[in-house]
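Structure, please.
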Amino acid sequence: MKYKAYSAVALAGALALAGCANPDVYSGDVYGSRAAKQAQSVTYATVTSVRPVLIQAGDENPNLIGTVGGGAVGGILGHQVGGGTGQALATAVGAIAGSMVGSRAEDKLSQVKAYEIEVRTDSGENLIVVQKADRTWQPGQRVRLVGSGSNLSVAPY
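Below is the predicted model:
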C-alpha cells in the first residue's frame with residue numbers, strides 16, 4: 001500500500017517538473033545558441049498596435065507528459081478502490097479520468113503570456129511579431145527589429 005502511495009507522489013512530482021518548460025525562449029531578450037556570434041539584420045520600425053495573446057508552448061509533443069502521467073496517477077489511485085472486477089473498472093476509469101485531467105493541466109502549464117506586436121517598418125512594410133510579454137509596448141513607440149524570418153524579435157530603440 002505504501003509503495004503505491006509513494007509511486008503516485010513520485011509520478012506527480014515528475015509531472016510537475018516536466019511541465020516547467022522554459023518560457024524565456026519566447027522573450028525578445030533571450031537569444032538561442034544558434035544566434036550567438038551571428039550577424040543579425042536590424043530594421044527600424046514604429047509600433048502600430050499591441051494585442052495580448054497566449055503562446056501555447058510544447059507543440060512538439062502536445063500533452064504527452066500530462067496525458068500519460070495523469071493516466072498513470074489516475075490508474076494507481078483507481079486501483080486503490082474495491083477488489084476484483086470493481087477494482088479493474090475503477091483502475092480503468094481512474095486512468096481515463098487522470099489522462100484527461102493531466103492533458104488539461106499540461107495545456108494550462110504550457111501557456112505563456114505574450115503580445116502580438118504590429119509594426120510598420122521605415123520602408124513601409126507592416127509586420128507582426130509575437131513574443132513573451134516581458135515588457136510594455138505602446139503604439140507610436142520606436143523599435144528595432146532584430147533578425148529575420150522565424151528568428152525576429154522586437155527590441156527597444
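
Could you use CA atoms for every contact and neighbour count after this?
Noted.

Please list the outside residues in contact with the host helix or strand of residue 128.
Per DSSP states H and E, residue 128 falls inside strand 126-132. For strand 126-132, contacts defined as C-alpha atoms under 8 Å, 6 or more residues apart in numbering pick out 23-24, 26-28, 55, 112-121, 152-154.

so what strands line up beside it?
Its sheet considered, strand 126-132 pairs with strand 111-121 (antiparallel) by DSSP bridges.

can you pull the contacts of residue 43?
When the contact criterion is C-alpha under 8 Å, 6+ apart, the partners of residue 43 are 121-122, 144-146.

Could you identify the pair within the residues you listed that is furthest apart?
Within the contacts of residue 43, 122 and 146 form the most distant pair, 14.0 Å apart (C-alpha to C-alpha).

Compare the two (neighbour count), which wins?
With neighbours defined as other C-alpha atoms under 10 Å, residue 122 and residue 146 compare such that residue 146 has more, 17 against 11.
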